[in-house]
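1. Give the three-dimensional model of this entry:
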Amino acid sequence: MIKILFFGDIVGKIGRQAIAKVMPYLKNKYQPDLIMANVENLAHGKGITEKTLTEINDSGIDFFTSGNHIWTKEAIKDILNDKKFSLITPANDPRTVKGQGEKIIEVNHYRLLMVNLLGRVFMKEEDLLCPLITSDQLLEKYKKEKINGIIVDFHAEATSEKVALGWYLDGRVSAILGTHTHIATADAKILPQGTGYVTDVGMVGPKDSVLGIDKERVIKKFLTDDKIIFEIPEEGVVGVDAVYLEINPENKKCVKIERVYKEVTV
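-> Below you'll find the model as predicted:
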């Protein structure tokens, strides 16, 4: 079996510090062959820098997915050209160059296809391609390749769109892992044709917050409709949301998926 640990959106410095703190425990418990995370909120809540990506890479995360905020900082251009980082950006986003939205990696002599997609419902991004059609195109592109598993990070707002993609790809990919909302859902399961599915993995961010942002600022935003300033708590209890997967490399089916949750104090 191929054992995979996937962390939800890592939020800011406090999230990065929590990853470093919790990693030894989770590695020992799950013995994963591959550790992945969504990193679009890595650098103070929006985007990434070489420093922040290096920090969590050094903490033990092997592969990175992203979302709509990945383009926020200029550093993304250089990072995407840096071969030492295994990072993909949404394949159906016109800002993603061809081939950057998916990647085949080797894990213990097995080959895994990683795919990143953005949802379109309630998203403000422009000119996004249909994630379902993009999925079809990518599966067609790699149908002659020897692949032992296919993992999709579907970074989307609407639960309906995520569930629909799950049913659409059931039996054709190993797992569909929803990200973006920062709220872990209680529906981790294996669909009838063998695809592991969860609507949202959640986040690695401050527990007493609103999606990782200082709660008082967000409450004020709702009361006054003022512009919100992204302020992320620098210390406190951090909720670490992840999922653990086991993939059968012979038939690419998911045989186990479970929610992982751990609290650490930073």
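2. Going by C-alpha atoms from here, please, whenever you check contacts or count neighbours.
-> Noted.
3. The stretch 151-266 of the chain: strands as residue ranges?
-> With DSSP state E, counting those that start in this stretch, the ranges of strands along the stretch 151-266 of the chain come out as 175-179, 189-190, 196-198, 203-206, 237-247, 254-265.
4. Can you tell me which helices and strands the second one packs against?
-> Here strand 189-190 is seen to pack against strand 196-198, strand 254-265 when contacts are counted using 3 or more CA pairs under 8 Å, 6 or more residues apart in numbering; DSSP states H and E.
5. ok, and which of those strands has the densest surroundings?
-> strand 196-198 (a mean of 28; mean count of other CA atoms under 10 Å).
6. Return the distance of that one from the chain's centre.
-> 13 Å (CA atoms, centre = their mean, to the nearest Å).
7. Also stretch 146-159?
-> On CA atoms, centre = their mean, the centre of stretch 146-159 falls 9 Å from the chain's centre.
8. now stretch 168-184
-> The answer for stretch 168-184 is 10 Å, by CA atoms, centre = their mean.
9. Make 844 the first number, not 1, from now on.
-> Right, with 844 as the first residue, what we last looked at is stretch 1011-1027.
10. Show me where the stretch 844-993 of the chain dips below the pLDDT cut-off.
-> Residues of the stretch 844-993 of the chain meeting the criterion pLDDT under 70: none.
11. which residues sit against the helix or strand where Ile947 lies?
-> Using DSSP states H and E, Ile947 maps to strand 945-950. Applying CA atoms under 8 Å, 6 or more residues apart in numbering, the contact partners of strand 945-950 are Ile845, Asp876, Leu877, Ile931, Thr932, Ala934, Arg954, Leu955, Leu956, Met957, Val958, Asn959.
12. 7 Å - rerun?
-> Asp876, Leu877, Ile931, Ala934, Arg954, Leu955, Leu956, Met957, Val958, Asn959 (CA atoms under 7 Å, 6 or more residues apart in numbering).
13. What are the buried residues along it?
-> Glu945, Ile947 (16 or more other CA atoms under 10 Å).
14. Could you spell out the sheet neighbours of that strand, each with its direction?
-> strand 953-961 (antiparallel) (DSSP bridges).
15. any idea which helix or strand comes after the strand it pairs with?
-> helix 974-984.
16. Let me see the residues that make contact with that following helix.
-> Counting by CA under 7 Å, 6+ apart, Asn935, Leu960, Leu961, Gly962, Leu1008 sit against helix 974-984.
17. Going by neighbour count, which residues of it are buried?
-> Pro974, Leu975, Ser978, Leu981, Leu982.
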